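Q: Predicted model and sequence follow; I will ask about them next.
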Amino acid sequence: MLTSKEIRESFKSFFVSKAHKIVPSAPMVVKGDPTLMFTNAGMNQFKDIILGNVPIKYTRVADSQKCLRVSGKHNDLEEVGHDTYHHTMFEMLGNWSFGDYFKQEAIGWAWEYLVDVLGVDPGRLYATVFEGSPSENLERDAEAADYWARFLPADHILNGDRHDNFWEMGDTGPCGPCSEVHIDIRPEAERAAMPGATLVNKDHPQVIEIWNLVFMQYNRKADGSLDKLPARVIDTGMGFERLCMALQGKTSNYDTDVFQPVIQAIAQMTGFAYGADRQKDVAMRVIADHIRTIAFSITDGQLPSNAKAGYVIRRILRRAVRYGYTFLGRREAFMYKLLPALIRTMGDAYPELAAQQTLIGKVMREEEDSFLHTLETGIRLLDKKMDEAKAAGKDTLSGTDAFMLYDTYGFPLDLTELILRENGMQADIDAFNVEMQKQKDRARNAAAIETDDWVILQNGETQFVGYDFFECDTMILRYRKIKQKNRELYQVVLDKTPFYAEMGGQVGDTGWLVSDTERVPVLDTKRENNLPVHLIATLPADVTAPFTAKVDEDKRRRCECNHSGTHLLHEVLREVLGQHVEQRGSYVSPESLRFDFSHFQKLTHEEIRKVEMLVNERIRMDIPLDEHRSVPIAEAKEMGAMALFGEKYGEEVRIVKFGTSVEFCGGTHIPSSGMIGSLYIVDESSIAAGVRRIEAVTAQGAERLFYACQDMIRELRTLMHNVPNLAQTIRKTIEENSELRKELTGYLKEKTGVLKKRLLDDAVERNGTKVLYFKGEGNVDMFKDLAFQVKAEKHGKICFVAGITDREKCLLMVMLSDELVEEGLSAAQLVKDAAPFIQGGGGGQPHFATAGGKNVDGVGAAMDAVLEMAGLK
C-alpha cells in the first residue's frame, strides 16, 4: 500500500516524465489579490497567466497546492468532521497547460496515471462530460466524450449539467467545460446491487469525485456572452486526501495516514478511543482537520484576528477548541500539543512547519486560552439571559440574543442549544437565521464590486518605470467602469507607468494623468491579478490621447523614507534582540510605518532606545541604495537575502541593499539612507503570541513628533509654574492626589455606613417587605455599593429604590432581595417599565438594575411606579 508521501511524489514524478515543470505550492494565504483571501484552488497562483496579464514562462506545469475552503462560494466548514471527505485545508494535485496540449493529452494522461501507474481498478472509474446548454448555444462536449470512450464503456461516461460540468473563474473571465473523474469504492456486493453511475454527483460518501479536468476555451464577458480564448488552457485538480483514501482501501479520508497520526495523538491525549463514540469521533475529526489549517495559515503569515482572513482562522481554531471542550472534556489549551504529530505527517513535504513550530505553538496556545475564557464568559452571559427569559415566563431564548452570543462572543449556536435543552429551553432558530443573513448581506454589500468589461484600446503589457522615474509618457491600453458602494470609478491600465501599485505592505501611488487639454487625478494604484490598475473618478475626454503619468513625488518620497526605514529597523532588531527575529508583516504609508516581527516578549525601554539609536546611526551614515534587479533566487540567497515564510517568490527576484541590510523587495526606496532624516518608535505592542508590532515615524513625521513632544513639555512646565524639575513635581502631585483619593474613599465609606443605617431605620414594611427609599443628589457608585451591602447582610425581604439626580441627569436604581426574586419579581423588568417616566432606558439583572434618564422632574413618579408594580405602594 502506498503511503501519502509516496502518492504525492508519484504524481510529481509522473508529470515530470511528461515534460512538466514542478513548481512549489503558493502560500495558502493570498496577498495582493483583493478578490481572494485564501488559495481555494490549484489554479489561483496561475490566474495572472490565464488572464494574459503576465507572460508564459513554462507551458506545462504541475504541483501540489495547499488550499483552504471555508468562506464564500466554497464553504465547506459546517460539514467538516461530520462526513468522511470534506475538509477546510486540503491539498490539490494539479497539472496545467498554457496554450500547449488540450483535451486529448489531459484525459489520456489522467487515465494513464490512475490506472497504469497507481493501479486503480478501471471498472470503478466514471467520467462526466458537459451535456451542453442550448440557452448559450453550447453543444455537448463530444470531443471529451470521444476521448473517454477510448478507455471507458459508454455507461461509465455520464452527462453533467452546467452546475457540475462547466467551470468558471468568476462572473467574468476564462471558463469552459470540465470533465470529472469519479471513483466507486463501495464493496463488491453494493456495486452489484446498484450501479455506480446512479450515484455519481449524488453526495454518496463512497462514490466521489477525485479529479476535475477543466478545459478553458471561452471568456465570459460582463453581459454574459462567451468569446473563444485565443490560447486554450488545461487546469486539472485532484483531491489528494480523497486519492489517498481510494488507494489505501479506506472509506473515509480520516482513516488514511494523512489524518490518523493526529487522530491517534488526540485519542491518547484524551483517553477516548477513536471509533467508539460518534460525537467524540466527530470532535476528533474536526480537530485533526482544523489544526492543519491553523498551522499552515500561521506559517504563511496569517495570524488569528478579528478582521478578514484573520477572523476566518480564528473561527476555525475556536470551532476546534469548542468541539474539544464540549465532547472531549478539554478545559485547557491542548491543540498546540498536537503539532509534533502533524509535523511528522506533513513536515517532509512542507518544511516550514518544523521551522515555525515554536511560533505556531505559542500563537495557538494563546488563542486557545483566550477562547476558553470567552467560553466561560459566554456561559455566564447565557445563564443571565436564561434567567431573564424565565423571569418573563418564557422558555425560548430570542434569536437576537443567540446571535449576539455567536457573533460577539464566538459562542456556537449548537452549544447554546445544548445548554438551553439542559435547562428546558430552546432558541428561536428562525430569528437567529434572520440575523445571520443580515450579517452576510452587510458583508457582501460592503465587498461587492460591479465591473464592466474591459474596453481594449491597444494590446500590450504594462512596463513599470517607477524605480527610476516619477513621470513618463504613456498611453491607455484599456479601461473599465467599476461600481463600489454606489460610487462609480474607472480602472485604467497604461502601457508604461511610474505609479507603484499597492503590494508588499507599501500603499499605492497617487498623482495625475496629464494631457494637452486636461489633468486627471489618479486616486490610487492597485494590483489586480498582477495587473497595475490606476483608479480615477472621471474618464479622460479623449482616452486615445498621449498622456504624461505623474506621481505625487512628495507622498512617494515620504512613503519611501518609511519603507527604507523598515529595512534598517529589521536589521537592527535582529542585531539587538537576536537572529530569531523575522518579519511577520508590514505597512508603509506616507505618514508612518508599521513593522510586525517574531519575538516572544515585550521590548524594554532600553531595547527600544538602543534600536532607535542604531537605526539613526545608519541613517546618518547616508548609505546609498544598492539595488539588484532580476537576480536568480539562488544567487540572491547567496547575497544574504532572507526569504520570508508565506511569500511566493519567482525564479528571479529584486534585491534591495542598504549596507549590510539585504532583503528581497519589490517596493520603492529612497536613494540614500540620509534622506530618511531620523526614525522614532511611537509604539511597541503585542498583536499575537510571539509576534510584536512596532509603529514608527520618519522624516517629516519624526519632526512633527519631536515638535509635539516639545509643545507638551512646554505646556506642562507652564501648568507647573516652570519648576526646575518637572518630572519630580508631577510625581509629587500624583502622590498627593493618591493620598487625597484614599481620604475621600474613607469618607465615602463612612458616609455610606451612616446613610445605610438611616435608610434601614427609616424603612417602611409593606406586605411583609422592608422598603428602603431614597430620592436626591448623591454619588452613584456609593449607592450601588450600599445596595449590595444591604443585600449581602440578609435583612429578609427588602426592596431598595433610589432616584439619584445630578443637575440635568438622573438615575433610577432598584435592588431586590433573593426572596423577592424567587417570588417572581425582576428588578430589570421594573426598571424597564418605569424608565419612560424619566425619559430614559436601562436594564440589569433580576436582583439589581438601573436606568438613566434626562427628566429629573419624573424621578418621583418613576420610583412610585416601581413600588406600585411590585405591590409595595
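A: Structure's in. What do you need?

Q: Okay, now the sheet partners of the host helix or strand of residue 535, with direction.
A: Using DSSP states H and E, the element containing residue 535 is strand 531-536. Paired neighbours of strand 531-536 in the sheet (DSSP bridges): strand 487-494 (antiparallel), strand 524-528 (antiparallel).

Q: ok now it, how far from the chain's centre?
A: 25 Å (C-alpha atoms, centre = their mean, to the nearest Å).

Q: Repeat that for stretch 529-540.
A: Using C-alpha atoms, centre = their mean, the offset of stretch 529-540 from its chain centre is 27 Å.

Q: neighbours of residue 399, just the number please.
A: 19 (other C-beta atoms under 10 Å). C-betas here are computed from N, CA, C, even on glycine.

Q: Name the SS class of the residue nearest to residue 252 when sequence neighbours are not counted, please.
A: Nearest residue to residue 252, sequence neighbours excluded (C-beta to C-beta, 6 or more residues apart in numbering): residue 84, at 3.7 Å. Reduced to three states with DSSP: H, G, I helix; E, B strand; the rest coil, the structure at residue 84 is coil.

Q: Phi, psi for residue 455 please.
A: phi -100, psi 110 (degrees, to the nearest 10).

Q: From residue 526, how far off is it?
A: Distance, residue 455 to residue 526, using C-beta to C-beta, to the nearest Å: 18 Å.

Q: Quick check: the residue nearest to residue 252 touching residue 253?
A: Yes - with contact defined as C-beta atoms under 8 Å, residue 84 reaches residue 253; the gap is 6.0 Å.

Q: which of these two has more neighbours?
A: residue 253 (27 against 17).

Q: Check the secondary structure at the closest residue to that one other than its chain neighbours for me.
A: In space, and not counting its chain neighbours, residue 253 is closest to residue 241: 4.4 Å by C-beta to C-beta, 6+ apart. Put simply, residue 241 is helix when judged by three-state DSSP.

Q: So for the chain, the centremost residue is which one?
A: residue 309 (1.8 Å; C-alpha atoms, centre = their mean).

Q: quick one: secondary structure of residue 97?
A: Per three-state DSSP, residue 97 ends up strand.

Q: before we move on, the earlier item: mind pulling up the pLDDT for the residue nearest to the centre of the chain?
A: We have a pLDDT of 86 for residue 309.

Q: which residue sits closest to it, ignoring its sequence neighbours?
A: residue 37 (4.3 Å).

Q: my guess is the one you found meets residue 307, correct?
A: No - counting by C-beta under 8 Å, residue 37 sits too far from residue 307 to count as a contact (10.6 Å).

Q: now the helices for the stretch 751-873 of the chain?
A: Remark: helices assigned in the stretch 751-873 of the chain by DSSP state H, counting those that start in this stretch are 780-792, 818-822, 827-834, 859-869.

Q: what packs against the last one?
A: Read that as helix 859-869. Using 3 or more C-beta pairs under 8 Å, 6 or more residues apart in numbering; DSSP states H and E as the contact criterion, the elements in contact with helix 859-869 are strand 769-777, strand 798-806, strand 809-816, helix 827-834.

Q: Just put those in TSV and tack on mean pLDDT.
A: Output for the helices and strands packed on helix 859-869, formatted as TSV (pLDDT from 0 to 100):
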stretch	mean pLDDT
strand 769-777	92
strand 798-806	93
strand 809-816	94
helix 827-834	93
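
Q: hey, which of the ones you listed is tucked in deepest?
A: Burial of the helices and strands packed on helix 859-869 is given as mean neighbour count (mean count of other C-beta atoms under 10 Å); strand 809-816 ranks first at a mean of 24.

Q: That one vs helix 827-834, what angle?
A: Orientation of strand 809-816 against helix 827-834 (axes from the mean of the first three to the mean of the last three C-alpha atoms, to 10 degrees) gives an angle of 140 degrees.

Q: So which of residue 37 and residue 307 has more stuff around it?
A: residue 37 (21 against 8).

Q: What separation is there between the more buried one and residue 297?
A: 10 Å.

Q: So which residues of the stretch 551-700 of the chain form helices?
A: 553-577, 605-620, 633-638, 699-719.

Q: Enumerate the positions of the first one that are buried.
A: Residues of helix 553-577 classed as buried: 555-574, 576-577 (neighbour count, 16 or more other C-beta atoms under 10 Å).

Q: Stretch 687-701 now?
A: 688-694, 696-699, 701.

Q: quick one: low-confidence ranges for the stretch 451-600 of the chain?
A: For the stretch 451-600 of the chain, no stretch has pLDDT under 70.
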